[in-house]
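> any chance you can model this:
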Amino acid sequence: MKAKKVTKAIFPVAGLGTRFLPATKSIPKEIMTLVDRPLIQYAIDEARAAGIKEFIFVTSRGKSALEDYFDNAPELESALKKSGKDDLLEILKETNMDSGAIAYIRQNRPLGLGHAVWCARRLVGNEPFAVLLPDDVIAAEKPCLQQMVEAYAETGGNMVAAMEVAPERTSSYGVLDIGEDMGSIVKAKGMVEKPAKGTAPSNLAVIGRYILSPKVMTNLNRMKQGAGGEIQLTDAIAEEVADGNVFGYRFRGQRYDCGSKAGFLQATVAFGLSRPDLRDEFGAYLHDMIALQKAAQ
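Next comes the predicted model:
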């Protein structure tokens, strides 16, 4: 049976971003800029490339800047037109969302990723849906979610983005127990959220891209607490393993953990060097900085 097309995506953005205080005291973490675009814009662009038409944001108090970002800015657009800055006007238009394409749902208590996804259940209905975590920024020739959508058309069921991590880091991730390894696609026979050190079934970790069936929402309805006392999305997906409906997808690309300061800085360097308008000047600066560090040692 042909897999139903995925046109809805959930963006869980209710977190407080405490690792980036004091910046996130007044600015949502998702609005923090990577080079010259906020994190959330990278996630939205990736979703659009994968054919997503409906964008569902699960937010919390203090996130109004997110709503403003995706709204039209008539005064700014008018000023750019009068100044003849058509190139900037085109960039600005990429941030606008069509009326009705975007919805905002409040998560009133921080009960975990599974709970955040569950908050959007009525907007998802009885359809497959994607989940994108903006903290995970993925540089890829073909956007990660687009790769997954193409693979999902063959498998159906539930699909999670996966990558190999060092064995000592598996306790920080959801980890797949591999039943059948088919190369880029693996069939899972289990999933474990943040396994204790030395107990992970593999080193194939789940990262922040998912394509899920509505049955996962049904599983989340039971509100079972998992690792850390939170309602874990991984646990709800794992309940579908018995029916052979959970797959991991080894995406092609480089993932940056922009939920950490080190990861954010690494992404800034990588994305800055990938830009033709910044590469030479920025690259020369980094070269000089490294030379100074070596000289000081």
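
> check the protein for its longest helix and report it.
With residue count as the measure and DSSP state H as the assignment, the chain has helix 279-296 as its longest helix.

> other SSEs contacting that one?
Contact here means 3 or more CB pairs under 8 Å, 6 or more residues apart in numbering; DSSP states H and E; on that basis helix 279-296 packs against helix 261-273. In this view, the C-beta of every residue, glycine as well, is placed from N, C-alpha and C.

> what comes into contact with the helix it packs on?
Contact with helix 261-273 is made by 19-20, 32, 34-35, 137, 139, 254, 256-258, 278-279, 282-283, 286, as judged by CB atoms under 8 Å, 6 or more residues apart in numbering.

> can you tell me the average pLDDT over that helix?
For helix 261-273, mean pLDDT rounds to 95.

> distance from the chain centre to that helix, please.
Here the centre of helix 261-273 is set off from its chain's centre by 16 Å, with CA atoms, centre = their mean, to the nearest Å.

> would you put the C-alpha positions of that helix in PDB?
Once non-C-alpha atoms are left out, helix 261-273 reads as follows in PDB (Å, rounded to 0.1, in the frame of the first residue of the first chain):
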ATOM      1  CA  LYS A 261      27.100  26.500  22.600                       C
ATOM      2  CA  ALA A 262      29.900  24.500  21.100                       C
ATOM      3  CA  GLY A 263      27.600  23.100  18.400                       C
ATOM      4  CA  PHE A 264      26.300  26.500  17.600                       C
ATOM      5  CA  LEU A 265      29.800  27.900  17.200                       C
ATOM      6  CA  GLN A 266      30.800  24.900  15.000                       C
ATOM      7  CA  ALA A 267      27.700  25.500  12.800                       C
ATOM      8  CA  THR A 268      28.500  29.200  12.600                       C
ATOM      9  CA  VAL A 269      32.000  28.500  11.300                       C
ATOM     10  CA  ALA A 270      30.800  25.800   8.900                       C
ATOM     11  CA  PHE A 271      28.000  27.800   7.400                       C
ATOM     12  CA  GLY A 272      30.100  31.000   7.300                       C
ATOM     13  CA  LEU A 273      32.800  29.200   5.300                       C
END
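
> angle of that helix against helix 279-296?
Calculated by axes from the mean of the first three to the mean of the last three CA atoms, to 10 degrees, helix 261-273 forms an angle of 130 degrees with helix 279-296.

> residue ranges with poor pLDDT in the stretch 51-200 of the chain?
Applying pLDDT under 70 to the stretch 51-200 of the chain flags the ranges 99.

> distance between the helix or strand harbouring Y249 and the chain's centre?
Secondary-structure assignment from DSSP states H and E places Y249 in strand 246-250. Distance of strand 246-250 from the chain centroid (CA atoms, centre = their mean) equals 16 Å.

> tell me what whichever helix or strand comes after it is packed against?
Moving toward the C-terminus from strand 246-250, the next helix or strand (DSSP H and E) is strand 254-257. Strand 254-257 is packed against strand 136-139, helix 261-273, with contacts defined by 3+ CB pairs under 8 Å, 6+ apart.

> just checking: what are the partner strands of strand 254-257?
Its sheet considered, strand 254-257 pairs with strand 136-139 (antiparallel) by DSSP bridges.

> how about the partner strand: buried residues?
D136, V137, I138 (16 or more other CB atoms under 10 Å).

> what sits against the first one?
Residues near D136 by CB under 8 Å, 6+ apart: I207, G208, R209, R255, Y256, D257, C258, G259.

> distance between the ends of stretch 24-42?
Counting by CA to CA, to the nearest Å, you get 19 Å between the two ends of stretch 24-42.

> please point out which parts of that stretch sit buried.
For stretch 24-42, the buried set under the neighbour-count rule, 16+ other CB under 10 Å, comprises 24, 27-32, 34, 38-42.

> dump those to TSV, plus pLDDT and secondary structure.
Putting those into TSV (pLDDT from 0 to 100; DSSP: H, G, I helix; E, B strand; the rest coil) gives the following:
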residue	pLDDT	secondary structure
T24	84	helix
I27	85	coil
P28	87	coil
K29	88	helix
E30	90	helix
I31	89	helix
M32	90	coil
L34	93	strand
P38	92	strand
L39	94	helix
I40	93	helix
Q41	93	helix
Y42	95	helix
